[in-house]
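> just coords:
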């Protein structure tokens, strides 16, 4: 009886571990993205948060690392949606990836543009994607959108206008 | 009973065997072995060479440009091509017939419009766009001027990113553009969290260095060839001793890296022959016991240090006047007795004029003989051994005279009296304490800083005060540390940087140490003043929610555009590295540890390899606490080899290393850090805590093919 209980517990634990491991890998392997003639766009990760705690560490005159805490909050009734993106130009040419052509769309069709200055991301342990147009290369980093709390509860899509054609990708 | 004895014997034997096996395992390094499993858990040290990266970026730009036809009406626009100045862009286009190009960036008003012309008549054009505003659609016009007199203009809109949220806050106090020296104001930051930037006459940011790891604490100078010179990004000693100089333009292209093993801090100047005069250290500063007391001349062509003037052989290093610069650290291996912050050439006689703020001394020396010509400074504190310097002291004359204290940035003024025996010298007088004794110290709330011009009569060995600005502003402008004063030749104005204004609840304080630790606010103020004292430009620099420091180390008025800095086409010139790389020598005095102990903490500000060189900038702590004093060792272990290096260590756990991987046997090495921290402020006494931890990195050394 004792043995069978132990086996049962072990089996359950193993099952749970495999299940949890499986969940993690599914996210990690998720490579679905947008693809146009010039550009590939992938969402590596996403998260929503009502608050971003930033830590600015700086080396002082005498070597001491000074740490300044700063809290970045969205406007009333909004949350931050953070997308960890990879934007890669796969074909040389004049095509430009412009952030003015990138939106997050909620389930009701409302569109939200990238935060006008999300440079606070850099001091919150997230490498920020630069905020100006991309010309070439592989560009990786976080971008921030402010979206209503209600929108964050429903489905969200990333919408990108590339080469005069609209592409979209499910975020959640 | 017998059975129990047998059991006890077996247990004892077992323990003995375990201990012996453990001992053998430790002695053989089994517990710190670079096993395949352990190596696989570590991250490969990233490779980054800014010169190689920039050159490949140029080729990438050209590859994208060449796909389509780009004419004047549809230039290929690359914002921040080298990821150094986000407020600059490069425009590429071709024209059917040769033309010169006039570039204009629209301003808020007429005085803030930026324009310049690339005069060469070309078919292929690479036009730098400098002076964009942050966070807006910039109006830019390009006008092609053809040889037949015809012209054609195209209008563009270039959108820029907003300034980072941790950018210092600039507030314009006064601006009279008609009376100002033309150009942009280069505000040079000092600490690693501040940005160096360009301001226009409205106090608006029109360019900045997004790489905050370069040009710390040092001047940035415009060279005769139109490029700029500053220190690079590799530390040798906290906080501003940098082992390289970068020659670059405001697009961010690095043309030349000069490796200076002595490390450069504070000022650098270009000599008439193109060589660099820099304040530096002895090349073996970690063995000599002192720092920041050597002036070097760097050969421009080879990058090698061709001359060293060691002030320990000229002045008296035991003269220890009252100063606030450093904490009370005993038996430190690097005494900063001189803190040399400036060295300039007096081209009339080939001598150097060198500033030591901690000694409140400006000294003129003959670089060939190391003979002192004169010493400008208060006459206090020349007792004991330093009494030998008294004969060189200049005597003050005139009624309106005050000495400079903890001064910065000597600059020779144009000859105003036609007397070959006199020299007019402009200084920034911080005025710190205005005394070497604590009893005589002027309190910060009653103190002031100023720019001052002294006339030195070298024949009669006298000094007279000719001009000053700042005293009348009182403690409002008092700047305990940092600062600059420049003579502006076009207007005879003076550009003054009150660079390190320490403030607690808005009141001036002298707490440099807490200021630099961030517990006291550091602000700064830049003032352009006419010869008769009229303020024609003033900007205040304040802290923000992300940082308590808004210092400005130095300030320069520079031309908007220097054609020589943009003479080369993309893909033509790969940046060169010259000079001498300084590597750590393998440590033979101690052995590599054979156990990992976990209380030591290590973090890295930088860990990368540049070809065959590994560059490390890290910090150690112990049990989560930072200690003032410590030592760090880098251990490299492969399956068959172990290399140990003692890093150059600084206060508060910081350490730096430059390791020549080409000296290693081929193999895959795990990198660990062994360290020791000491309680208290005495480098030789106090309880010591040691540890050894994996760095999280591995490095692969290939064999020669």
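Great, that's in hand. Being a predicted model, the structure only gives us computed values, none of them experimental. Numbers count the residues shown, from 1 in each chain, chains lettered A, B, ... in the order given.
> drop to CA atoms for contacts and neighbour counts, all remaining ones
OK.
> could you measure from residue B:172 over to chain A?
The gap separating residue B:172 from chain A is 23 Å, by CA to the nearest CA, to the nearest Å.
> same question for residue B:121.
Distance from residue B:121 to chain A, by CA to the nearest CA: 25 Å.
> check contacts around that residue.
B:98-100, B:146-147 (CA atoms under 8 Å, 6 or more residues apart in numbering or on different chains).
> next one: phi and psi at it?
phi -80, psi 110 (degrees, to the nearest 10).
> what's the pLDDT at it?
pLDDT for residue B:121: 96.
> ditto for residue A:23
33.
> again, but for residue B:147
Confidence at residue B:147, expressed as pLDDT, is 94.
> so what's it up against?
Contacts of residue B:147 (CA under 8 Å, 6+ apart): B:98-99, B:121.
> adding distance to residue B:274, write the residues you listed out as JSON lines.
Formatted as JSON lines, the contacts of residue B:147 follow (distance: CA to CA, whole Å):
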{"residue": "B:98", "distance to residue B:274": "33"}
{"residue": "B:99", "distance to residue B:274": "32"}
{"residue": "B:121", "distance to residue B:274": "29"}
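> nearest to residue A:131, out of these: which one, please.
Within these, proximity to residue A:131 (CA to CA) peaks at residue B:99, which comes in at 33.7 Å.
> which helix or strand contains that closest one?
If you go by DSSP states H and E, residue B:99 is part of strand B:88-105.
> that strand pairs with which strands?
strand B:76-79 (antiparallel), strand B:114-130 (antiparallel), strand B:137-146 (antiparallel) (DSSP bridges).
> buried sites along that strand?
B:88-95, B:98-105 (16 or more other CA atoms under 10 Å in any protein chain shown).
> most neighbours per residue, which of the strands paired with strand B:88-105?
Stretch with highest mean neighbour count among the strands paired with strand B:88-105: strand B:76-79 (a mean of 25; mean count of other CA atoms under 10 Å in any protein chain shown).
> flag every buried residue along stretch B:681-696.
B:681, B:683, B:690-696.
> what distance separates the opening and closing residues of that stretch?
30 Å (CA to CA, to the nearest Å).
> ok, now stretch B:358-366?
End-to-end distance for stretch B:358-366: 22 Å, by CA to CA.
> residues contacting it, please?
By CA under 8 Å, 6+ apart, stretch B:358-366 touches B:319-323, B:325, B:337-339, B:350-356, B:371-378, B:404-407.
> let me see the contact set for residue A:164.
By CA under 8 Å, 6+ apart, the contact list for residue A:164 is empty.
> what do you get for residue B:124?
B:92-95.
> show me where the stretch 351-500 of chain B has its strands.
Secondary structure of the stretch 351-500 of chain B by DSSP state E, counting those that start in this stretch: the strands cover B:351-356, B:361-365, B:372-376, B:395-397, B:408-412, B:422-429, B:450-457, B:462-469, B:484-487, B:494-504.
> other SSEs contacting the longest one?
Meaning strand B:494-504. Applying 3 or more CA pairs under 8 Å, 6 or more residues apart in numbering or on different chains; DSSP states H and E, one finds that strand B:494-504 contacts strand B:484-487, strand B:521-529, strand B:554-558.
> which positions in that strand come out as buried?
By 16+ other CA under 10 Å, the buried positions in strand B:494-504 come out as B:494-503.
> that one vs strand B:554-558, what angle?
Here strand B:494-504 runs at an angle of 150 degrees relative to strand B:554-558 (axes from the mean of the first three to the mean of the last three CA atoms, to 10 degrees).
> what about strand B:494-504, average pLDDT?
Computed over strand B:494-504, the mean pLDDT rounds to 95.
> quick check: what element follows that strand along the chain?
That would be, after strand B:494-504 and using DSSP H and E, strand B:507-508.
> now do the strands in chain A.
Assigned by DSSP state E, the strands in chain A fall at A:33-35, A:39-49, A:52-59, A:65-72, A:78-89, A:102-106, A:111-113, A:138-148, A:156-162, A:165-170.
> revised request: answer the last question for the stretch 501-650 of chain B.
Shown for the stretch 501-650 of chain B, the strands assigned by DSSP E, counting those that start in this stretch span residues B:507-508, B:521-529, B:535-542, B:554-558, B:576-579, B:600-610, B:613-622, B:629-637, B:642-646, B:648-649.
> contacts for the first one next, please.
Read it as strand B:507-508. By CA under 8 Å, 6+ apart, the surrounding residues in contact with strand B:507-508 are B:444-445, B:475-476, B:478, B:501-502.
> go again with 10 Å.
Residues from elsewhere that reach strand B:507-508, judged by CA atoms under 10 Å, 6 or more residues apart in numbering or on different chains: B:443-448, B:475-480, B:501-502, B:521-522.
> nearest spatial neighbour of the residue nearest to the spatial centre of chain A, skipping sequence neighbours?
Taking CA atoms, centre = their mean, the centroid of chain A lies closest to residue A:83, which sits 1.8 Å from it. Spatial nearest neighbour of residue A:83, excluding adjacent residues (CA to CA, 6 or more residues apart in numbering or on different chains): residue A:46 at 4.5 Å.
> what is the neighbour count of the one you found?
The local packing of residue A:46 (other CA atoms under 10 Å in any protein chain shown) involves 15 other residues.
> assess the claim that it and residue A:158 are in contact.
No. With contact defined as CA atoms under 10 Å, residue A:46 does not reach residue A:158; the gap is 11.1 Å.
> quick check: neighbours shared by the two?
Common neighbours of residue A:46 and residue A:158, using CA under 10 Å, 6+ apart, are A:83, A:171-172.
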